[in-house]
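*Asks:* Only the shape, not the letters, is given here:
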Ligand code: CO
């Protein structure tokens, strides 16, 4: 691991190289950002959104938290979602988990970790309970974790669709489309596991009829 001075030195070198390759690089991005994608990913240091998709600054609006959760009462996530959908008008929202996710693994144990982690990981335990029959049937624990990672991504996409922010955007501009992806730490490849095009019907109890 590099120390923090190395980070600052690397930053100087990076900025210099960018201007050398493309003199307008920073001036183009100074006053406007028009990303087409909102990325909701895991905080895990091995899953950096821009690097694994080979995208540049300005291309992806990013929110990351432990185990890429979309929690109904998370003001941070909802503010990001509101801004991305209503102001940036992103066309796609990607919830990207990753195989071997430590947060997902921890949620499958009965260990009391700490007050805040317990509260956060409870959301994944709820996903496990919803899919208990399928998950309990997988005896290999790594495979079971990886399947929960996929199901977790799917549930978080559903959670996006349950918000009035998404439902109103679907009604007004037939976007954004929602995607659930899982990144492989072992091979660097993204597995698109779930998709919800704009306008997809969800359980009626979650649909607002006065938008
Ligand atoms: Co993770």
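*Replies:* Nice, thanks for sending it over. The model shown is predicted, which means the values in this text are computed figures rather than measured ones. Numbers count the residues shown, from 1 in each chain.
*Asks:* Going by neighbour count, list what's buried in the helix or strand harbouring residue 145.
*Replies:* Element membership for residue 145, per DSSP states H and E: helix 141-161. By 16 or more other Cβ atoms under 10 Å, the buried positions in helix 141-161 come out as 144-161. In short, each C-beta sits where N, CA and C put it, glycine included.
*Asks:* what comes into contact with the lowest-mean-pLDDT helix or strand in the chain?
*Replies:* Lowest on mean pLDDT, DSSP states H and E among the helices and strands of the chain sits helix 25-30, with a mean of 90. Contact with helix 25-30 is made by 15, 18-19, 57-58, as judged by Cβ atoms under 8 Å, 6 or more residues apart in numbering.
*Asks:* what does the chain have sitting close to the ion?
*Replies:* Residues of the chain lying close to the ion by Cβ under 5 Å from the ion are 42, 44, 101, 103.
*Asks:* Find the nearest non-adjacent residue to the last one, please.
*Replies:* Just to be clear, that refers to residue 103. residue 67 (3.2 Å; Cβ to Cβ, 6 or more residues apart in numbering).
*Asks:* can you give me the helices for the chain?
*Replies:* 4-21, 25-30, 49-53, 75-82, 102-107, 115-130, 132-136, 141-161, 164-173 (DSSP state H).
*Asks:* residue closest to the middle of this protein?
*Replies:* Centroid-nearest residue in the chain, with Cα atoms, centre = their mean: residue 40, separated by 2.0 Å.
*Asks:* Tell me the confidence at the nearest residue to residue 74 once chain neighbours are set aside?
*Replies:* Distances taken as Cβ to Cβ, 6+ apart place residue 65 nearest to residue 74, at 7.8 Å, with adjacent residues excluded. On the pLDDT scale, residue 65 is placed at 98.
*Asks:* try residue 1
*Replies:* So, for residue 1, pLDDT stands at 54.
*Asks:* ok so, going back, tell me the spacing between the residue nearest to residue 74 and residue 92.
*Replies:* Distance of residue 65 to residue 92, given as Cβ to Cβ, to the nearest Å: 19 Å.
*Asks:* Then residue 15?
*Replies:* Distance from residue 15 to residue 92, by Cβ to Cβ: 29 Å.
*Asks:* between those two, who's got more neighbours?
*Replies:* Legend: neighbour count by other Cβ atoms under 10 Å for residue 15 and residue 92, higher for residue 92 (16 against 12).
*Asks:* can I assume the residue nearest to residue 103 is in contact with residue 108?
*Replies:* No - taking contacts as Cβ atoms under 8 Å, residue 67 lies outside contact range of residue 108: 11.4 Å.
*Asks:* who's more crowded, those two?
*Replies:* Comparing residue 67 with residue 108 by other Cβ under 10 Å, the one with more neighbours is residue 67, at 27 against 16.
*Asks:* Could you pull up the mean pLDDT of stretch 12-20?
*Replies:* 96.
*Asks:* any low-confidence regions in the protein?
*Replies:* By pLDDT under 70, the weakly predicted segments of the chain are 1-2.
*Asks:* Many thanks, have a good one.
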